[in-house]
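**Student:** Attaching a predicted model along with its sequence, questions to come.
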Amino acid sequence: MLGVVIRIVGDRGIAEDIIHDAFVRIWNKAHTFDAQRGSGKTWIFSVTRHLALNHVRTRHREVTVDDDTAERLDAERSQEAATDTQDHFDWLGHGELDRCLGQLSPERRNCLFHAYVDGFSHQEIATRLDRPLGTVKAWIKRSLAALRECLS
Amino acid sequence: MTDHLDPMSSLGPDETDDLAGEYVLGTLSAERREAVEHRLSQDSALQAAVWRWESRLQPYTALAEPVAPSAQLWQRIERSLDHQDAPASTRSPDRSPAGHTLWERLWDNVTLWRGVSFASVLAVFGLAAMLAFGPGAQTSPRYMVVLMTPQHTQAGWVVEASSSQQLSLIPVGTIEVPPGKALEFWTKADDWSGPVSLGLVQPGQTQRLSLKDLPPLEDNQLFELTLEDATGSPLDRPTGPIQFIGRAVEL
C-alpha cells in the first residue's frame, strides 16, 4: 500500500504521513460510514488512495480554462507528436478489466494508467504524452464510456 | 466546462458513471473531488458507481512497485490512536504499549462495536493495525484482511498477521450459526491448487493460528469461512456456502 501512495505523492515522508492520517481518519470516522459495496481489500485501497489524491490535487490546484480557450490553445499547439504506440505500463494480467482495456489503443490506456497509478491530472498527462489537454480529457471520458460499454 | 458540481442537480446514469470513473481514476480537480465526496453521502447511485470503478480498477494498483513501510510509521500510528482513544478510556495513562494490553483494548473495542455492522470494521481495522505494527513488529511482512459477506454488505471478521506465519482471526459482528453446523476457516494463495483448512472457528471468539505447516502468507492470499457440518467438511475442500470472504493486503 505504501508503494501505491508513494507513486501518487512522489515522496516517502509524505506518503507515510498519508498512511498515518488514513488510519487516524478511519478511527475517527468509524461511525459515519454507510454500507459499502466493495470488498474489504477494495475498501482499504480506496480510503488510502483518495487521501493521497486529495493531497496532490489540493497542493497543485490547476488553473482551469474553459473549453473554448482550451480548444484554441490546443489548436495552436503542435500536432506533430508521433502516435505513441507503446504501452507505458505492464497492465496485462492484473484484473477482469484486461479484456476491455485491450480494446483501447495503447495511448488511451497510458492516459488511464498515468491517472490511476501515477495520480496525474489531465494537464500532467497531456504534458507527459505531449498531447493537447482537450484531447486527453476527451480520450479519458471516451475510454471510460468504452470500458463501461464493454463490461455491460 | 464548469468546475462546479451542483450537489442538487440530478445526473443521468451515464453521467453518474462518468463522474464516478473520473473520481476513482483521480483526474478531477480538488473542487470537483470535494463536491463528489460531499455528494457521495447522499447519492446512492453515485456511491454504487464509485464502488464499481473501485472494484474494477483496484487490481491495477499492483502496477506501483511495493515499498516496505518503516517501523517508525507504525509506532506513530499507534501513538496517535492512543491519543485519540484516551478521553473515552478508563485505562491508566502510563500503561505499557506492549501487545497484550493492546490486544485487550482491541477486544474491548470489538465488543463495543459489535453489531454496528460495517462501520465497526473501520475501527477494528485501525486497532488491528496498531496491534500488527506495534513496537515489537520490525521488518516482517504485515497483512490485513477484512472478511465480508459475499455480497459485501457486512464485515464479519478481520484477519491480521504480524508475520507471515502467525495470524489472528478477530470477530467484528454477531454471527448466528445454525444448530448442527460450524464455521470452517480456509485459505488459498493464488498459485495453490485448492484451499487448505485452518480448522473450525467459534463464532464471536478470537482465534490465533500458526501457519507453520503452510508456505508463508502472501499478498492477495484468499481467506474464507464456510458453513459446514458440526465436524467440519468431510472433504479436503469446502462443501458448504461461503459466509465471509476476503483477500490479504500487504501494508
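**Tutor:** Looks like it came in fine.
**Student:** Poorly predicted segments of chain A, please.
**Tutor:** For chain A, applying pLDDT under 70 flags the ranges A:24-37, A:61-84.
**Student:** can you map out the helices along it?
**Tutor:** Ranges of helices in chain A, per DSSP state H, are A:2-9, A:12-28, A:40-59, A:67-76, A:98-101, A:106-116, A:122-129, A:133-151.
**Student:** Quick one, which of these gets closest to residue B:66.
**Tutor:** Residue B:66 lies closest to helix A:2-9 among those, at 4.4 Å (C-beta to C-beta). For every residue, glycine as well, the C-beta is placed using N, CA and C.
**Student:** for the residue nearest to residue B:64 when sequence neighbours are not counted, what are its contacts?
**Tutor:** Leaving aside its chain neighbours, residue B:64 sits nearest to residue A:7 (4.0 Å; criterion: C-beta to C-beta, 6 or more residues apart in numbering or on different chains). Counting by C-beta atoms under 8 Å, 6 or more residues apart in numbering or on different chains, residue A:7 makes contact with A:117, A:118, A:119, B:64, B:65.
**Student:** burial measure for the first one, as a count.
**Tutor:** Taking other C-beta atoms under 10 Å in any protein chain shown as the neighbour definition, residue A:117 ends up with a count of 22.
**Student:** Not including adjacent chain positions, what is the nearest residue to the residue most central in space within chain A?
**Tutor:** For chain A, residue A:115 is the residue whose C-alpha lies nearest the centre (C-alpha atoms, centre = their mean; 2.2 Å). In this structure, residue A:115 finds its nearest non-sequential neighbour in residue B:25, 4.3 Å apart by C-beta to C-beta, 6+ apart.
**Student:** Could you break chain A into its assigned domains?
**Tutor:** With domains defined by automatic domain parsing, chain A comprises A:2-59, A:67-151.
**Student:** Whichever residue of chain B sits closest to chain A: what's its closest spatial neighbour, skipping adjacent residues?
**Tutor:** Closest to chain A within chain B is residue B:146: 2.5 Å, counting by C-beta to the nearest C-beta. Among residues not flanking residue B:146 along the chain, residue A:40 sits closest, at 2.5 Å (C-beta to C-beta, 6+ apart).
**Student:** and if you look at residue A:21?
**Tutor:** Excluding the flanking residues, the one nearest residue A:21 by C-beta to C-beta, 6+ apart is residue A:51, at 6.1 Å.
**Student:** my read: the one you found touches residue A:23, true?
**Tutor:** No: counting by C-beta atoms under 8 Å, residue A:51 sits too far from residue A:23 to count as a contact (10.3 Å).
**Student:** Okay, residue B:164 and residue B:215: tell me how far apart.
**Tutor:** Counting by C-beta to C-beta, to the nearest Å, the gap from residue B:164 to residue B:215 is 9 Å.
**Student:** neighbour count winner among the two?
**Tutor:** Neighbour tally, residue B:164 and residue B:215, criterion other C-beta under 10 Å: the higher count belongs to residue B:164, 18 against 13.
**Student:** Using the three-state scheme, assign the more buried one.
**Tutor:** Of the three states, residue B:164 takes coil according to DSSP: H, G, I helix; E, B strand; the rest coil.
**Student:** Can you check the pLDDT for it?
**Tutor:** In this prediction, residue B:164 carries a pLDDT score of 74.
**Student:** my guess is it meets residue B:216, correct?
**Tutor:** Yes: with contact defined as C-beta under 8 Å, residue B:164 reaches residue B:216; the gap is 3.6 Å.
**Student:** which residues of chain B score low on pLDDT?
**Tutor:** Scanning chain B with the threshold set as pLDDT under 70 gives B:1-8, B:74-75, B:77-78, B:81-141, B:162-163, B:173.
**Student:** Break it down into its structural domains.
**Tutor:** Listed domain ranges for chain B are B:13-63, B:71-250 (source: automatic domain parsing).
**Student:** hmm, back to that, residues contacting the residue of chain B closest to chain A?
**Tutor:** Listed by C-beta under 8 Å, 6+ apart, the contact set of residue B:146 reads A:39, A:40, A:41, A:43, A:44, B:121, B:125, B:155, B:158, B:246.
**Student:** The residues you listed into a markdown table, with extra columns for neighbour count?
**Tutor:** Below are the contacts of residue B:146 laid out as a markdown table (neighbours: other C-beta atoms under 10 Å in any protein chain shown):
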| residue | neighbour count |
| --- | --- |
| A:39 | 22 |
| A:40 | 28 |
| A:41 | 21 |
| A:43 | 27 |
| A:44 | 24 |
| B:121 | 29 |
| B:125 | 25 |
| B:155 | 25 |
| B:158 | 26 |
| B:246 | 26 |
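**Student:** nearest to residue B:59, of the residues you listed?
**Tutor:** residue A:41 (9.5 Å).
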